[in-house]
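> Have a look; sequence and predicted model below, questions after that.
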Amino acid sequence: MATAGSHLSEDQFLCSICLDVFTEPVSLPCGHNFCKACITDCWNSTASGLCRCPMCKETFNTRPELRVNCFISEMADHFRKSVQVTEEQDREDDVPGGMSCDVCIDTKMKAVKTCLVCLTSYCETHLEPHRRVQTLKTHQLVEPLGSMEDRMCKKHNKILELFCREEQRCICTLCSQTDHRSHNVVALEDESGKRKEVMRKTKTECEQKIQERKLELQKIRRSAEVNKEAAEKETADGVEVLNALVASIQKRMGEIFEVINRKQQEVQQKAEQSITEIQQELAELQMTSMECDKLSRSEDHLEVVMYSLPPASITLPCSDWYEVLMDNKISAGTVRAAVTKMEKTLNEGMEALIKQLEEHHFQVTPPPPPRHRQGSSIKPPSLQPPSTKPRLRAPRHHFSCYAPV
């Protein structure tokens, strides 16, 4: 199926008033077609108030009701898109790596600037009048644009050169006369200048915050290093002290065992000496008992009197051996009780030390909420499309470090 561009020429889609492709085309009773905005402005500008066709001059007693001709509108849109695609393909084929000049005929040269007023891209040669002629110097030149579709009004197919601050959108001149007539409309240059000023201030604030955050990072890293060094030193000192404590305990334990052994030997010697003496006394007592028993049984009174001692002079060995008992003050339980008491004291000291170390840690203290500037009605630029969901902002923190003591 053949396309519309292969059978119809551009003249068949041009409005005779604005000389551009139809935008919202309407058909008059006489059969001629115009842009709805163009014919409305034409009739509104006549002093007599008569409604007349600009082409055939036919006069209408009452203003016709203007309705968009959907068929012509679709054909015009299709033709506009086909022409745009064709021009872009020609530019890409003619000038590799860039846009071609719209004015060059034979050899297409690379475009260096695009005029937003003329809607034309120029090479260095054809751009010369814009740099020389005074009236053309006021035109806005930008880097070469491959497509002007994003810069055109979707409704009126006009260049976007105004900005509506109430609806926060770019509009064309026809939009400012119709839908945005009562709105606060300014030139794009004014809105761009205002937003650039906000961007410059935002950039300055960002750079200041960047420097502050870099300083905070340096402080945090330095504090972390100091904390690490202090922790390593504390660990080394703790190991050294604990090893010394263990060595001291082992040394003292050896001394305690030596004292216990020495005392045990002394007690053993005393016990052996006492046992010898008691055994001697026991032998003497047994002998005296045997003699007494023998004499007490004798019938010879002379023998009893001659060999026995007088009753008043008879003495028996009666040493008080209760005083020679073994000294058991260093018996089992003394060392255990002392060591248990030392262990309790050591554990209490260790728990207090651990609690003290736990209190010195790395803290992150959130700062107070930021204070917003007042008096500015322009929001900072955003690369994201508008959304009804609330934006979440990462909280900023103030960091402070404490090294353990």
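Ah, there it is. Numbers count the residues shown, from 1 in each chain.
> Give the next helix or strand downstream of the longest helix seen in the chain.
Identified as the longest helix of the chain according to DSSP state H is helix 188-297. Taking DSSP states H and E as the definition, the helix or strand that follows helix 188-297 towards the C-terminus is helix 301-307.
> and that following helix, average pLDDT?
When pLDDT is averaged along helix 301-307, the result is 75.
> quick one on the thing from earlier: chain center to the longest helix of the chain: distance?
If you compare the mean C-alpha spot of helix 188-297 with that of the full chain, they lie 42 Å apart, counting by Cα atoms, centre = their mean, to the nearest Å.
> average pLDDT for that helix?
Averaged across helix 188-297, the pLDDT comes to 89.
> start at 32 instead
Renumbered: residue one is now 32, and that last one reads helix 219-328.
> Check which helices and strands it is in contact with.
strand 193-195, helix 332-338, helix 365-390, strand 429-431 (3 or more Cβ pairs under 8 Å, 6 or more residues apart in numbering; DSSP states H and E). Where you see a C-beta, it was placed from the backbone N, CA and C, and this is true even at glycine.
> And these: which comes nearest residue 260?
Closest of these to residue 260 is helix 365-390, at 15.5 Å (criterion: Cβ to Cβ).
> Just want the angle from that closest one to helix 219-328.
Per axes from the mean of the first three to the mean of the last three Cα atoms, to 10 degrees, the angle that helix 365-390 makes with helix 219-328 is 170 degrees.
> And helix 365-390, what's buried?
Along helix 365-390, no position meets the burial threshold by neighbour count (16 or more other Cβ atoms under 10 Å).
> In contact with residue 94, which residues?
The neighbours of residue 94, taking Cβ atoms under 8 Å, 6 or more residues apart in numbering as the test, are 74, 82.
> how does it look with 10 Å?
Residues near residue 94 by Cβ atoms under 10 Å, 6 or more residues apart in numbering: 71, 74, 80-82.
> which of those residues count as buried?
For those, burial is judged from neighbour counts taken by 16+ other Cβ under 10 Å, and it is met by 71, 74, 82.
> from the residues you listed, which is closest to residue 43?
Out of these, the one with the shortest distance to residue 43 is residue 71. That distance is 22.2 Å, counting by Cβ to Cβ.
> Next up, phi/psi of the closest one, please.
Backbone torsions of residue 71, given as degrees, to the nearest 10, read phi -70, psi -50.
> So it is in contact with residue 96, correct?
No: Residue 71 sits out of contact with residue 96 when judged by Cβ atoms under 10 Å, with a separation of 11.9 Å.
> Now do the shared contacts for those two.
If you check residue 71 and residue 96 against Cβ under 10 Å, 6+ apart, the residues they both contact are residue 57.
> and residue 166, that one's in a helix?
Yes: counting by DSSP: H, G, I helix; E, B strand; the rest coil, residue 166 is located in a helix.
> which SS state does residue 93 fall under?
Recorded secondary structure, residue 93: coil (three-state DSSP).
> List the residues that contact the closest residue to it other than its chain neighbours.
Nearest residue to residue 93 in three dimensions, chain neighbours excluded: residue 82, at 7.5 Å (Cβ to Cβ, 6 or more residues apart in numbering). With contact taken as Cβ under 10 Å, 6+ apart, residue 82 is in contact with 59-60, 70, 73-74, 89-95.
> What subset of those residues is buried?
Going by neighbour count (16+ other Cβ under 10 Å), the contacts of residue 82 have 59, 70, 73-74 buried.
> Among those residues, which ones are in helices?
Secondary-structure check on the buried ones among the contacts of residue 82 using DSSP H: residues within helices are 70, 73-74.
> Just the closest of the residues you listed to residue 311, please.
Residue 311 has its nearest neighbour among those in residue 70, at 154.3 Å by Cβ to Cβ.
> Could you measure from that closest one over to residue 97?
Residue 70 sits 7 Å away from residue 97, taking Cβ to Cβ, to the nearest Å as the criterion.
> tally of neighbours for residue 110?
20 (other Cβ atoms under 10 Å).
> and what of residue 323?
Taking other Cβ under 10 Å as the neighbour definition, residue 323 ends up with a count of 12.
> possible to save the buried ones among the contacts of residue 94 as CSV with distance to residue 296 and pLDDT?
What follows is the buried ones among the contacts of residue 94, written out as CSV (distance: Cβ to Cβ, whole Å; pLDDT from 0 to 100):
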residue, distance to residue 296, pLDDT
71, 130, 89
74, 136, 88
82, 140, 87
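> Now render those as TSV, adding distance to residue 335.
Formatted as TSV, the entries for the buried ones among the contacts of residue 94 read as follows, by distance: Cβ to Cβ, whole Å:
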residue	distance to residue 335
71	173
74	179
82	183
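> so where do the helices sit in the stretch 82-231 of the chain?
101-125, 159-163, 165-168, 204-208, 219-328 (DSSP state H, counting those that start in this stretch).
> How many residues are close by the residue nearest to residue 134 when sequence neighbours are not counted?
Residue nearest to residue 134 in three dimensions, not counting chain neighbours: residue 157, with 4.3 Å by Cβ to Cβ, 6+ apart. Neighbour count for residue 157, taken as other Cβ under 10 Å: 18.
> for the nearest residue to residue 87 once chain neighbours are set aside, what are its contacts?
Counting by Cβ to Cβ, 6+ apart, residue 87 lies nearest to residue 61, which is 5.4 Å off, once chain neighbours are set aside. With contacts defined as Cβ under 10 Å, 6+ apart, residue 61 is in contact with 83-84, 86-91, 95.
> If anything else comes up later, I'll come back, but that's it for now.
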